[in-house]
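> Below are the sequence and a predicted model for it; my questions follow.
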Amino acid sequence: MSEILSRDQIEGRAAGETQVRRLAYSDLPNVISIERRSFPTPWSLAMFVLELSKPSGICLAAMRDDELAGYVVCSRYDQVWHLMNVAVSPDHRARGVAGALLRRLFEEGRNQLPFTLEVRVSNHRAIGMYEYFGFRSAGVRPRYYHDNGEDALIMWLD
């Protein structure tokens, strides 16, 4: 089901408060759990360890009620920030968690470099959220996703 998120859902006006902090190695068991419930081809533990070990990256955790609700992984490549992975636990979706993560990410990385990402062309909720934050489509990567050959929409935020 690909419903579009409301402004209140993106802004996190639903009940509860989200705190955002740096992602830690100790968060990885919960990250892997969310990852496996969120993606048909989840990242491995080694992939997260690699991204966390990069001093130039930004890896953030969203907490709700003392529980890891979501995370974002963003890598710096020369003159661009590449948003690599954003996921929210199914129990915390449509409550502003991803929006809180993105706002904090932009605070930490803004005014330095533009942001780019790839997103499945069928993921209308995510595309709508990225557009809300100012991302714009810049083309398509054909058959980008190996699990089903789906195209990826390339998006940029300058």
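Sure, I can see it.
> Residues contacting the helix or strand residue 32 falls within, please?
Assessed by DSSP states H and E, residue 32 sits inside helix 28-38. For helix 28-38, contacts defined as C-beta atoms under 8 Å, 6 or more residues apart in numbering pick out 23, 42-43, 45, 48-49, 52, 61, 67-68, 70-71, 85, 87-90. (Glycine included, C-beta is placed from N, CA and C.)
> Inside strands: which ones of the residues you listed?
61, 67, 68, 70, 71, 85, 87, 88 (DSSP state E).
> Could you tell me how many residues sit around the first one?
Right, the one you point to is residue 61. A count of nearby residues for residue 61, using other C-beta atoms under 10 Å, gives 20.
> How about the contacts made by it?
Contacts of residue 61 by C-beta under 8 Å, 6+ apart are 20, 21, 22, 23, 24, 27, 31, 68, 70, 71.
> For it, give the beta-bridge partners.
residue 21, residue 71 (DSSP bridges).
> What's the biggest helix in this structure, counting residues?
helix 97-109 (DSSP state H).
> could you pull out the helices for the chain?
Using DSSP H, helices in the chain cover 7-11, 28-38, 45-53, 97-109, 124-132.
> Contacts only, for the residue lying closest to residue 142 once chain neighbours are set aside.
Leaving aside its chain neighbours, residue 142 sits nearest to residue 151 (5.4 Å; criterion: C-beta to C-beta, 6 or more residues apart in numbering). Residues near residue 151 by C-beta under 8 Å, 6+ apart: 120, 121, 140, 141, 142, 143, 144, 145.
> now do residue 136
Counted by C-beta under 8 Å, 6+ apart, residue 136 has contacts 155, 156, 157.
> Between those, which sits nearest residue 99?
residue 157 (14.1 Å; C-beta to C-beta).
> Return the residues in contact with that closest one.
Contacts of residue 157 (C-beta under 8 Å, 6+ apart): 114, 115, 116, 130, 133, 134, 135, 136.
> And those residues, which of them are buried?
Listed as buried from these are 115, 116, 130, 133, 135; burial here means 16 or more other C-beta atoms under 10 Å.
> And the pLDDT at residue 127?
What the model reports for residue 127 is a pLDDT of 96.
> Near the closest residue to it other than its chain neighbours, how many other residues are there?
In space, residue 127 comes closest to residue 119 once its chain neighbours are excluded; the distance is 5.8 Å by C-beta to C-beta, 6+ apart. Close neighbours of residue 119, defined as other C-beta under 10 Å, add up to 21.
> With that, I have no additional questions.
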